[in-house]
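Peer 1: heads up, no residue letters with this:
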């Protein structure tokens, strides 16, 4: 398992805070978005040499790099840059929750870090993609399915953001899709 080192350190520090900071126990704000059992699982994985800590701008696989958004949404939110034959894409996770975060430079309100750091990450991603915001796969934005070819599989919406040159599109009505056109 790969875990952003700053995220891990931040949660260990938060979980070690005195009771003063957690008057509601596990329902207190500082721990409201973290399962305490995850720290135990990470400890076991580390002990068994099955946990790899990731730093900033680290290659995770050929063409895929992890980037740190320190003290933004969380202690160490990580976003991924993915180099493809059609140019770069960003798998943003919680570093960019919605397209509007980058398009309007407007951060989400729930954060363990600070919104200024979130804005700096938005700018970094925007510059990396040379302003092509549709190349972002945001963590929580349903607009993804409007901006890219999409369809339903059972109850799940699926978006086809990019198709490698050596592959064929999976979208049922877009067998020739190779670009970034928005869904009809």
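Peer 2: That came in fine, so what should we check first? Here the structure is a predicted model, which is why all the values come from computation and not from measurement.

Peer 1: can you pull the contacts of residue 23?
Peer 2: Listed by C-beta atoms under 8 Å, 6 or more residues apart in numbering, residue 23 has no contact partners. Where you see a C-beta, it was placed from the backbone N, CA and C, and this is true even at glycine.

Peer 1: right, and the helix or strand after the longest helix anywhere in the chain?
Peer 2: Scanning the chain for the helix with the most residues, using DSSP state H, yields helix 115-128. Scanning forward in sequence from helix 115-128 by DSSP states H and E, the next helix or strand is strand 136-138.

Peer 1: Can you point out the buried residues in the helix or strand following that following strand?
Peer 2: The helix or strand immediately downstream of strand 136-138 is helix 144-147, counting by DSSP H and E. By neighbour count on 16 or more other C-beta atoms under 10 Å, the buried set for helix 144-147 is 144, 147.

Peer 1: Against which helices or strands is helix 144-147 packed?
Peer 2: strand 156-159 (3 or more C-beta pairs under 8 Å, 6 or more residues apart in numbering; DSSP states H and E).

Peer 1: From the chain's centroid, how far away is the strand it packs on?
Peer 2: Relative to the centre of its chain, strand 156-159 is centred 18 Å away, using C-alpha atoms, centre = their mean, to the nearest Å.

Peer 1: Same question for stretch 142-161.
Peer 2: Its chain's average C-alpha position is 18 Å from that of stretch 142-161, according to C-alpha atoms, centre = their mean.

Peer 1: ok, now stretch 85-102?
Peer 2: On C-alpha atoms, centre = their mean, the centre of stretch 85-102 falls 8 Å from the chain's centre.

Peer 1: Centroid-nearest residue for the protein?
Peer 2: residue 93 (1.6 Å; C-alpha atoms, centre = their mean).

Peer 1: Dihedrals phi and psi, that one?
Peer 2: In terms of degrees, to the nearest 10, the main-chain angles of residue 93 are phi 60, psi -140.

Peer 1: ok now do it, which residues does it touch?
Peer 2: So residue 93 contacts 77, 78, 79, 80, 139 (C-beta under 8 Å, 6+ apart).

Peer 1: So which of these is the closest to residue 21?
Peer 2: residue 77 (21.1 Å; C-beta to C-beta).

Peer 1: Could you tell me how many residues sit around that closest one?
Peer 2: Using other C-beta atoms under 10 Å, residue 77 is surrounded by 28 other residues.

Peer 1: can you give me how far the longest helix of the chain is from the chain middle?
Peer 2: 13 Å.

Peer 1: Tell me where the protein has helices.
Peer 2: Under DSSP H, the chain gives helices at 5-15, 36-47, 99-103, 115-128, 144-147.

Peer 1: list the helices and strands the second one packs on?
Peer 2: It refers to helix 36-47. helix 5-15.

Peer 1: For the helix or strand of the chain with the lowest mean pLDDT, buried residues please.
Peer 2: Among the helical and strand segments of the chain, the one scoring lowest on mean pLDDT, DSSP states H and E is helix 36-47, with a mean of 89. Across helix 36-47, burial judged by 16+ other C-beta under 10 Å covers 39, 42.
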